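Trainee: Sequence and computational prediction follow.
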Amino acid sequence: MDYKRTIIITGGAGFIGSHVVRLFVNKYPDYRVINLDKLTYAGNLANLKDIEHKPNYAFVKADICDFPKIQELMQAYHVDGIIHLAAESHVDRSIKDPFTFARTNVMGTLSMLQAAKVYWESLPEGYENKRFYHISTDEVYGALEMTNPEGLDSPFATKASSEHHHAYGTDFFTEDMKYQPHSPYSASKASSDHFVRAFHDTYGMPTIVTNCSNNYGPYQFPEKLIPLFINNIRHHKPLPVYGKGENVRDWLYVEDHARAIDVIFHRGKTADTYNIGGFNEWKNIDIIKVLISTVDRLLGRPENADIDLITYVTDRKGHDMRYAIDSRKLQRELGWEPSLQFEEGIEKTVRWYLDHQDWMDNVTSGDYQKYYDSMYKNR
Ligand code: NAD
Ligand code: DAU
């Protein structure tokens, strides 16, 4: 079949990437979607079981840092679009091992950019109808102050906002804000964002960057707060709350992020930046209490039976106090809005993890890493 477009989605076996791959493969049967992933500890091909046999989907096991390999793939598949999600994504790991973050997030992004540049510049039409879309994070902006610890009604509530419309300050991250990353993770993402913009400014590559807030939903690796705590509550294991649990994060359902990526990939303005979020701030301790009451209710346990699992532990080094995204530009210019209300999203998420204990057990036992060998190695 002649495909209308051929796009590489990097990091497609990870949490957000798998939702983006699924959306594109299902929604655009006339696009060839290549999932390029190294399958680090965070990559799990079982996340894509439901679409892996679709004719417009292909998986390639490769390291984004392997420049010759990426170049070869660009040419072999005639790639005209890249949605780049592959990264080391966990802040705690970056504090222990910053080198891996610089390698993957900075050098890996540079290798993707350079491979795209060499291939696209070799074509008669050059950069026409090409796109390099880089997925970044709100953490590059640093941390906001918590000026209203009791919480306010958010002035810009969207469907994703909690019924309580929490906001813990009056300032938000906007697209023109100064970059002030604090962790090795956010410093590496900030650096990669700069490289992407430099490739537009220097070579004219049609790039785009988005910075999103914390995602939640199915298929998230259980090192991150929400899946880790759901699984611990289920098994009556302690919940390690960093510091006082007062830090604030702004949560967006992962499928709403994937929908934003679709809209921006197709209609976003070249060389522009969009912040993605749902005006849905939560203190960690409050979200943890919601998780406890939801898990206990869904498992038919007495109300708050597991509240004593909360265990305050040493704070994360350099722990950013508050993140809050202002996504009004994306709403105004491209008409994107979250579709899922937070209370529905969190209920759906808890249910998904409770109903997919096999997925969780495969991840925690390490068995998920055998999936590639059994399904792909000899193809
Ligand atoms: P994840 O850790 O779940 O997945 C990362 C994926 O990248 C994995 O499949 C892994 O195998 C792959 N990968 C890692 N190193 C690679 C390499 N060298 N070559 C090829 N593949 C490699 O991450 P996630 O949470 O899905 O995040 C995806 C992207 O979105 C990241 O760029 C992250 O910075 C960004 N982001 C995440 C969030 C969030 O809340 N999770 C929010 C905003 C932005
Ligand atoms: O803001 C977007 C970012 O969100 C993404 O760029 C990152 O890739 C993603 O991992 C996420 O970063 P956070 O550090 O905010 O997510 P995490 O789930 O690790 O932690 C959420 C909050 O919960 C944070 O304040 C730290 C706290 N926490 C986390 C863990 C894992 C705990 O208190 N205990 C824990 O065990």
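Mentor: Yep, that arrived. Residues are numbered from 1 along each chain as shown. Ligands and ions are numbered 1, 2, ... in the order given.
Trainee: Hmm, residue 35 and residue 73 touching each other?
Mentor: No - judged on CB atoms under 8 Å, residue 73 makes no contact with residue 35 at a distance of 11.6 Å. All C-beta atoms are positioned from the backbone trio N, CA, C, and that covers glycine.
Trainee: quick one: common contacting residues for these two?
Mentor: residue 60 (CB atoms under 8 Å, 6 or more residues apart in numbering).
Trainee: So which bits of this structure are right by ligand 2?
Mentor: Contacts of the chain with ligand 2, taken as CB under 6 Å from any ligand atom, map to 89-91, 137-139, 213-214, 224-225, 228, 240-242, 247, 249, 284, 316, 323.
Trainee: quick one, strands of the stretch 101-250 of the chain?
Mentor: Counting by DSSP state E, counting those that start in this stretch, the stretch 101-250 of the chain has these strands, from start to end: 131-137, 152-153, 166-167, 207-212, 214-216, 239-242, 248-253.
Trainee: Throw those into CSV and include mean neighbour count, mean pLDDT and distance to residue 63, thanks.
Mentor: Output for the strands of the stretch 101-250 of the chain, formatted as CSV (neighbours: other CB atoms under 10 Å; pLDDT from 0 to 100; distance: least, CB to CB, whole Å):
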stretch, mean neighbour count, mean pLDDT, distance to residue 63
strand 131-137, 24, 98, 18
strand 152-153, 12, 88, 45
strand 166-167, 24, 87, 40
strand 207-212, 25, 98, 22
strand 214-216, 23, 98, 24
strand 239-242, 18, 98, 31
strand 248-253, 25, 97, 29
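Trainee: List the contacts of the residue of the stretch 1-150 of the chain found nearest ligand 2.
Mentor: Ranking the residues of the stretch 1-150 of the chain by distance to ligand 2 (CB to the nearest ligand atom) places residue 137 first, at 3.1 Å. Applying CB under 8 Å, 6+ apart to residue 137 gives the contacts 186, 189, 211-212.
Trainee: For the stretch 1-150 of the chain, give me the ranges with low pLDDT.
Mentor: Under the criterion pLDDT under 70, no range of the stretch 1-150 of the chain is flagged.
Trainee: how far away is the closest residue to residue 157 other than its chain neighbours from residue 151?
Mentor: In this structure, residue 157 finds its nearest non-sequential neighbour in residue 165, 4.5 Å apart by CB to CB, 6 or more residues apart in numbering. Using CB to CB, to the nearest Å, one obtains 9 Å as the distance from residue 165 to residue 151.
Trainee: what's the answer for residue 254, then?
Mentor: 24 Å.
Trainee: Neighbour count for the two, which is higher?
Mentor: Neighbours per residue (other CB atoms under 10 Å) separate residue 254 from residue 151, with residue 254 holding more: 23 against 19.
Trainee: Could you tell me what pLDDT the model assigned to that one?
Mentor: pLDDT for residue 254: 98.
Trainee: Test my guess that it contacts residue 220.
Mentor: Yes - Residue 254 lies in contact with residue 220 (CB under 8 Å); the separation is 7.5 Å.
Trainee: Regarding stretch 318-333, how distant is the last residue from the first?
Mentor: One end of stretch 318-333 to the other measures 35 Å (CA to CA, to the nearest Å).
Trainee: Okay, and residue 345 sits in which element?
Mentor: Element membership for residue 345, per DSSP states H and E: helix 342-355.
Trainee: What of residue 33?
Mentor: Assigned by DSSP H and E, residue 33 falls in strand 31-37.
Trainee: does ligand 1 sit close to that strand?
Mentor: Yes - interface with ligand 1: strand 31-37 contributes residue 37 (CB under 6 Å from any ligand atom).
Trainee: how about the helices in the chain?
Mentor: Ranges of helices in the chain, per DSSP state H, are 15-27, 67-77, 91-96, 98-101, 109-121, 184-203, 225-234, 254-267, 284-298, 328-334, 342-355, 357-365, 371-375.
Trainee: Now find how far off-centre the fifth one is within its chain.
Mentor: For helix 109-121, the gap between its own C-alpha mean and the chain's C-alpha mean amounts to 22 Å (CA atoms, centre = their mean, to the nearest Å).
Trainee: Give me the contacts around it.
Mentor: Outside helix 109-121, the residues that reach it (CB under 8 Å, 6+ apart) are 10, 64-67, 70-71, 73-75, 79, 82, 84, 126-127, 130, 132, 134, 192, 195-196, 199, 203, 205.
Trainee: Please apply the same query to the fourth one.
Mentor: The contact list for helix 98-101, computed with CB under 8 Å, 6+ apart, reads 88, 93-94, 184-185, 188.
Trainee: Highest neighbour count among those residues?
Mentor: Counting neighbours by other CB under 10 Å, the top entry in the contacts of helix 98-101 is residue 188, with 27 neighbours.
Trainee: Thought residue 102 was touching it, still the case?
Mentor: Yes - because the distance of 5.5 Å satisfies CB under 8 Å, residue 188 is recorded as touching residue 102.
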